[in-house]
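Peer 1: give me a model of this one.
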Amino acid sequence: MRRLPKYCIHKSRNLAFVTIGGREVYLGRAHSPESHERYQAALADYLAGVVPTTTTSQRKPRTALTIGELAERWYLSERERYGARHQSVYEASYAARELNHSHATATVAEFGPRAFKAIRDRMVKDGRSRQWANRMMNAIRRCVRWGVGEELVPGDRIQALAAVDGLRHGSAPETQPRMAADPIAVEMSVRWLDAQGHTGAANLVRFLKATGCRPGEAASARWSEFILGGELPYYRPTRHKTARHGIERLVPMNCDALAAIGGAMRLGGSDGFVFTHTRGEPFTANSLLLAVRRAIAGTGCANWSPYGLRHLAATTALARTGSEAAAAALLGHTPRSTIIQRYSRDRLALAMRAAKSIEEVA
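Peer 2: Take a look at the predicted model:
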């Protein structure tokens, strides 16, 4: 008796499939009634000796690329290009999941503005925030653009999807803004880390608070990337968020940052990394987050995250300088970036400073 092919699931894509004759036959969304019906139909064909000629259960021509196949190829391409932990890869994974939720077996030719709008509206119905839905829409556009570049998708698909507007303010729930870390909670946590022998984590937290670096930028810092001599010491990370755009990242060192660096020097390290934990290995963004969570639990202070130190640095710089351009330079944003406006808690006060600066002197 022949063993029947199994109903299988691509967990990361939430997509059901069955392998028959060495070919993966996609069945649709995992555990959906339609996927089980297509599975039974595929088994009937298998028992009748019919070998599938496509990767879908609808027997479409081999040239008819499905959205599920396009999303899978794009995700694998992004992963090969950036590595498994890059933000673009995470976005590709979630965007592929949104595509496969309801359009896995649709052909690329069938995926137009109406299907695109349907995905957008479903995300809103599911309670997704406006920012998340727009982010996924942009990621899906990138997927189609990649397909055009690989000659898998007709060029007019880009213009068609570009005609679909993103969600405007008020059309979906808004994402709660990230809050700056509480300075008192940060100080309590740093003292607890020092007292528990986690001096490497304490130094890294001090450095983040003093510079406004992204946690990943600071955790991967190497001694060779620091220029500590001269009047303007700075840190030049070779790996950072905008490196692929050819933008140089320079982090100025103030007295607090230099003190954190001095503490790291006394500890030593391995392989040229500046900040290392008790085993002498370099920190990652995740291991730093775990250290912070232990400190919060040990002190009972208000909750905060390492990325909140970046927000704390930005809001402090804005409050003391009154210059959004200066704060943007500190964080590594371009002068045209509007992200810095998120940190401006009192824009009227900033505008008043500008107004007073141009008033006529009597």
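Peer 1: what residue ranges in the stretch 51-200 of the chain score low on pLDDT?
Peer 2: Residues of the stretch 51-200 of the chain that meet the criterion pLDDT under 70 lie in 51-63, 85.
Peer 1: in three-state terms, label residue 154 for me.
Peer 2: Counting by DSSP: H, G, I helix; E, B strand; the rest coil, the backbone at residue 154 sits in coil.
Peer 1: check residue 355 too.
Peer 2: Under three-state DSSP, residue 355 comes out as helix.
Peer 1: and it, how many neighbours?
Peer 2: 9 (other CB atoms under 10 Å). C-betas here are computed from N, CA, C, even on glycine.
Peer 1: quick one: pLDDT of it?
Peer 2: In this model, residue 355 is scored at 71, pLDDT.
Peer 1: which ones are touching it?
Peer 2: With contact set as CB atoms under 8 Å, 6 or more residues apart in numbering, residue 355 has no partners.
Peer 1: could you number the chain from 2 rather than 1 from now on?
Peer 2: With 2 as the first residue, the last one maps to residue 356.
Peer 1: residue 108 contacts residue 70, doesn't it?
Peer 2: No. At 9.6 Å, residue 108 does not count as touching residue 70 under the criterion of CB atoms under 8 Å.
Peer 1: from residue 254, how far out is residue 260?
Peer 2: 10 Å (CB to CB, to the nearest Å).
Peer 1: then residue 118?
Peer 2: From residue 118 over to residue 254 (counting by CB to CB), the distance is 49 Å.
Peer 1: between these two, which has more neighbouring residues?
Peer 2: residue 254 (20 against 14).
Peer 1: so who does the more buried one touch?
Peer 2: Neighbour list for residue 254: 212, 227, 229, 234, 235, 236, 262 [criterion: CB under 8 Å, 6+ apart].
Peer 1: run the last query once more with 10 Å
Peer 2: 208, 211-212, 227-229, 233-236, 260-262 (CB atoms under 10 Å, 6 or more residues apart in numbering).
Peer 1: and if you look at residue 252?
Peer 2: 208, 211-215, 218-219, 222, 226-227, 234-238, 241, 258, 331-333.
Peer 1: could you flag which of these are buried?
Peer 2: Buried subset of the contacts of residue 252 (neighbour count, 16 or more other CB atoms under 10 Å): 208, 211-215, 218-219, 222, 226-227, 234-236, 238, 241, 258, 331-333.
Peer 1: helices of the stretch 202-351 of the chain, residue ranges please.
Peer 2: Using DSSP state H, counting those that start in this stretch, the helices of the stretch 202-351 of the chain run over 216-220, 256-268, 286-300, 307-322, 325-332, 348-358.
Peer 1: Serialize those to TSV and add fields for distance to residue 25.
Peer 2: Compiled in TSV, the helices of the stretch 202-351 of the chain are given as follows (distance: least, CB to CB, whole Å):
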stretch	distance to residue 25
helix 216-220	36
helix 256-268	50
helix 286-300	33
helix 307-322	39
helix 325-332	45
helix 348-358	54
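Peer 1: closest one to residue 132 among those?
Peer 2: With CB to CB as the measure, helix 307-322 is the member of the helices of the stretch 202-351 of the chain nearest residue 132 (16.1 Å).
Peer 1: could you give the mean pLDDT of that closest one?
Peer 2: pLDDT averaged over helix 307-322 gives 87.
Peer 1: ditto for stretch 262-271
Peer 2: Rounded mean pLDDT across stretch 262-271 is 76.
Peer 1: go ahead and flag the most central residue of the chain.
Peer 2: residue 88 (3.4 Å; CA atoms, centre = their mean).
Peer 1: so that residue versus residue 162, what's the distance?
Peer 2: Counting by CB to CB - residue 88 and residue 162 are separated by 22 Å.
Peer 1: now do residue 82
Peer 2: With CB to CB as the criterion, residue 82 and residue 162 are 22 Å apart.
Peer 1: so between the two, which is more surrounded?
Peer 2: Ranked by neighbour count (other CB under 10 Å), residue 82 and residue 162 place residue 162 first, with 20 against 12.
Peer 1: can I assume that one is in contact with residue 140?
Peer 2: No. Counting by CB atoms under 10 Å, no contact exists between residue 162 and residue 140, whose distance comes to 11.5 Å.
Peer 1: just the strands in the stretch 52-201 of the chain please.
Peer 2: Read by DSSP state E, counting those that start in this stretch, the stretch 52-201 of the chain holds no strands at all.
Peer 1: so for residue 260 and residue 254, which residues contact both of them?
Peer 2: 208, 211.
Peer 1: quote the end-to-end distance of stretch 161-181.
Peer 2: By CA to CA, to the nearest Å, the extent of stretch 161-181 from end to end equals 40 Å.
Peer 1: deepest of the helices of the stretch 202-351 of the chain, which one?
Peer 2: Neighbour counts (mean count of other CB atoms under 10 Å) averaged over each of these peak at helix 216-220, with a mean of 23.
Peer 1: what's that one in contact with?
Peer 2: Contacts for helix 216-220 (CB under 10 Å, 6+ apart): 86, 88, 204-206, 208-209, 212-214, 226, 236, 238, 240-242, 250, 252, 258, 261, 274-277, 283-290, 293, 306-311, 333.
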